[in-house]
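A.B. asks: Dropping the sequence and predicted coords here.
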There are 2 protein chains.
Amino acid sequence: MTTKEKIIDTALQLFNKQGIDPVTTRHIAKEMNISHGNLCYHYSKKEDIIGQLYHNLVAELDQEIAAIQSGVPSLEMLMQATAATFRIQYKYKFILQDMVAIMRKIEPIGQHFKVLYQQRKNQFRLIIQYLLMQGLIESEKVKGQYDNFIDQFYIIGDFWVSEAEILFDGPDEEKLAHYTQLAFSLIIPYFTPKGLEAYQYLQKAHQKD
Amino acid sequence: MTTKEKIIDTALQLFNKQGIDPVTTRHIAKEMNISHGNLCYHYSKKEDIIGQLYHNLVAELDQEIAAIQSGVPSLEMLMQATAATFRIQYKYKFILQDMVAIMRKIEPIGQHFKVLYQQRKNQFRLIIQYLLMQGLIESEKVKGQYDNFIDQFYIIGDFWVSEAEILFDGPDEEKLAHYTQLAFSLIIPYFTPKGLEAYQYLQKAHQKD
DNA sequence: TTAAATTTAGGACAAATGTTCTAAATAATT
DNA sequence: AATTATTTAGAACATTTGTCCTAAATTTAA
């Protein structure tokens, strides 16, 4: 691993543990036993490190989603995509926990996130349409209901890490499983009997892993 | 207004606009045209100011909720409580936007929030029971469904301000109305036909205001 | 009115932070 | 083997921040 990579790695650990505010470039350098000057040679500003980490987060998400979406859309695909997304988000949890502060400090990230959000929303719309066509979820009781649903899903998807940091005591794997299930269960009340059956089947299959 | 009150007032404005990190005690003092020494006489530490503001948030929430809950439980009550809560949360939005950072910086707040969360959850459980008894919402399709629902509701309730800061362009009142509706609409898929009717009636009544 | 308490202004000081610079050490290239 | 480029360490510097102190000004109480 190059020094540059190790800086990113160490910074991620420290940011995740303490948040961006109390972690300085000097702390990162000390943690990995290199000089402060050396660290500044690679990343002269803390913002550059955060920017790189945000870039890595997005890259990992893109890669994972692309891999999953290469298959046929299905309920299982949605579950897998959710689980994969949550796992990656948790890996970079400081970004979501300090989201507003980061967006204010580094404007381009805020802009990018906005675009990304629209893309994700459109992707989700396609999946909803698929689930409707397959008769797995009911048609809208109220106009715009599924648009609301998507917004709700993404708020929880972006901020469960913050809520978990404050409220959840327990190992990371349990935390991840709990909140993945919590978010995904948003869809349950929309299921048709057929959809519910498919969901419960997948749940059982997943528990065997 | 005493100097002490004005400090709290000014700090709230600055924190809401810029977040806690970039706002220093000197900025607050300068903003209100008093000396830095004077400000430190009243609040020697930034944490004390944040603590006071958190205290005020909780006090306002308690007061509002108590007033609303003095009446008979109803769907309208739940809507009013949601709207009132969201309004107060938005007034102190920096607390929710910088939640994780604040909890880490000031541990007692984190502890208090945990307790508060359990209280709110229990209150909500009572309301759910009431709505069930009145036949306004369906009984659980899946065990633990309404517990999940409450958790989902509170994640959105706590973090819509963060999402809105990044994604929503528009005046505060619209923002507030949009996210209040978004959170409340979580309950729609659980409505019985009777519940849906009651909801739509209340929606219309509310739009006339 | 006088004495005491409170409030205010301004400065002092150490510690921390972001940033830049220089020179040594190491690696790569010719 | 020589030289060029890259990487590293360490120091230096201005700024900022939290904290404390003193003395003046103002208000309150006796």
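C.D. replies: Nice, thanks for sending it over. Numbering: from 1, shown residues only, chains lettered A, B, ... in the order given.
A.B. asks: ok, the residue nearest to A:Ser74 when sequence neighbours are not counted to A:Pro73 distance?
C.D. replies: If the residues on either side of it in the chain are set aside, A:Ser74 comes closest to A:Tyr130, at 7.9 Å by Cβ to Cβ, 6 or more residues apart in numbering or on different chains. In this view, the C-beta of every residue, glycine as well, is placed from N, C-alpha and C. For A:Tyr130, the distance to A:Pro73 equals 5 Å [Cβ to Cβ, to the nearest Å].
A.B. asks: Then A:Ala67?
C.D. replies: 14 Å.
A.B. asks: Can you pick out the residue with more neighbours from those two?
C.D. replies: Counted by other Cβ atoms under 10 Å in any protein chain shown, A:Ala67 and A:Pro73 do not tie: A:Pro73 has more neighbours, with 18 against 12.
A.B. asks: tell me the pLDDT at the more buried one?
C.D. replies: In this prediction, A:Pro73 carries a pLDDT score of 82.
A.B. asks: Next one: A:Gln203 from B:Ile166, what distance?
C.D. replies: 33 Å.
A.B. asks: between these two, who's got more neighbours?
C.D. replies: B:Ile166 (19 against 14).
A.B. asks: With adjacent residues omitted, what lies nearest to the more buried one?
C.D. replies: Among residues not flanking B:Ile166 along the chain, A:Met103 sits closest, at 5.5 Å (Cβ to Cβ, 6+ apart).
A.B. asks: wait, doesn't that neighbour sit right on A:Phe113?
C.D. replies: Yes - with contacts counted by Cβ atoms under 8 Å, A:Met103 reaches A:Phe113, the gap being 6.8 Å.
A.B. asks: and for these two, which residues touch both?
C.D. replies: With contacts defined as Cβ atoms under 8 Å, 6 or more residues apart in numbering or on different chains, the residues adjacent to both A:Met103 and A:Phe113 are B:Ile166.
A.B. asks: chain center to stretch A:29-47: distance?
C.D. replies: Taking the mean of its C-alpha atoms, stretch A:29-47 sits 28 Å from the chain's own mean (Cα atoms, centre = their mean, to the nearest Å).
A.B. asks: swap that for stretch A:189-203, please
C.D. replies: The chain centroid and the centroid of stretch A:189-203 are separated by 24 Å, computed with Cα atoms, centre = their mean.
A.B. asks: Name the residue in A:Met103 and A:Phe113 with the higher neighbour count.
C.D. replies: When neighbours are counted by other Cβ under 10 Å, A:Met103 comes out ahead of the other of A:Met103 and A:Phe113, with 21 against 18.
A.B. asks: For the more buried one, which residues are in contact?
C.D. replies: A:Met103 makes contact with A:Ile109, A:Gly110, A:Phe113, B:Glu165, B:Ile166, according to Cβ under 8 Å, 6+ apart.
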